[in-house]
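Peer 1: 3D, please:
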Amino acid sequence: MAKQASAKVIRPEQWKPDKPIRRKINLRTPLGKINKHWVTVEHAEDPKEALFAKIGPLPEDIVQGSRILVAIYQPPMVRKTGGGIILTDAMSEEDYDEYVWQGKVGVIVAMGEKAYVDDETTKFNGLKNEIGDWVWFMPSDGQGCEVNEVPCRKFDSERFLNGKLPHPDYVW
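Peer 2: Model prediction:
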């Protein structure tokens, strides 16, 4: 039996996209049919800096224990698909708002003092996410909230974060 090839694995900080980052959006036709379109994501400003600027300073103990607060990433509004279809604001707003409820990517903005700390029952073996890391998760695993008008999720422990990402548009 032939050995299967595996994907090349690199550290998030080493990742450089070799093609434009694209994401899929769903648009309804006037008859209600859903069409899927791929759009190229273009950022006018760094998404991490924008989220941190919007959320502002946070109280030191906003999360305690091993809890982690993640600001949900909402990609920039898209006005045109890759095929040149112009999108209306109503369609774009609906797609954009969906990230609040179904977003799977965010940036860590606060962590409790026991997050990623080894104890007698849990060993992280050097694994540690930091404030400012892009992470991905299941939307149902975190408690939704807004902090300074920024949609966030609070996770009760590190086990609810699936991994670290090099860029917020990498997973959807």
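
Peer 1: could you use CA atoms for every contact and neighbour count after this?
Peer 2: Fine.

Peer 1: phi first, then psi, for residue 111.
Peer 2: phi -140, psi 140 (degrees, to the nearest 10).

Peer 1: list the contacts of residue 127.
Peer 2: Contact analysis of residue 127 by C-alpha atoms under 8 Å, 6 or more residues apart in numbering lists residue 116.

Peer 1: next, count neighbours for the spatially closest residue to residue 20 that is not a sequence neighbour.
Peer 2: Leaving out its chain neighbours, the residue that sits closest to residue 20 by C-alpha to C-alpha, 6 or more residues apart in numbering is residue 40, at 6.5 Å. Neighbour count for residue 40, taken as other C-alpha atoms under 10 Å: 15.

Peer 1: how about residue 120?
Peer 2: Residue 120, neighbours per other C-alpha under 10 Å, totals 5.

Peer 1: so residue 105 bridges to which residues?
Peer 2: Beta-bridge pairing for residue 105 (DSSP bridges): residue 136.

Peer 1: got a pLDDT number for the residue most central in space within the chain?
Peer 2: With distances taken as C-alpha atoms, centre = their mean, residue 105 lies nearest the centre of the chain, 1.5 Å away. Confidence at residue 105, expressed as pLDDT, is 94.

Peer 1: wait, doesn't it sit right on residue 137?
Peer 2: Yes. Proximity of residue 105 to residue 137 meets the contact threshold set by C-alpha atoms under 8 Å, at 6.5 Å.

Peer 1: contacts only, for the residue nearest to the centre of the chain.
Peer 2: 72-73, 134-137, 168, 171-172.

Peer 1: next, count neighbours for residue 119.
Peer 2: Neighbour count for residue 119, taken as other C-alpha under 10 Å: 9.

Peer 1: residue 129 contacts residue 162, correct?
Peer 2: No. Using C-alpha under 8 Å, residue 129 makes no contact with residue 162, being 10.9 Å away.

Peer 1: just the helices in the chain please.
Peer 2: Counting by DSSP state H, the chain has helices at residues 47-55, 89-102.

Peer 1: related to what we said a few turns ago, go through the contacts of residue 105 and name the one nearest residue 146.
Peer 2: Within those, the smallest distance to residue 146 is 9.7 Å, found for residue 72 (C-alpha to C-alpha).

Peer 1: least trustworthy helix or strand in this protein by mean pLDDT?
Peer 2: Counting by mean pLDDT, DSSP states H and E, the chain has its least confident helix or strand at helix 89-102, which shows a mean of 65.

Peer 1: confidence-wise, which of the contacts of residue 105 comes last?
Peer 2: By pLDDT, residue 172 ranks lowest within these, coming in at 72.

Peer 1: where in the chain is pLDDT low?
Peer 2: Along the chain, the model assigns pLDDT under 70 to residues 1-17, 78-96.
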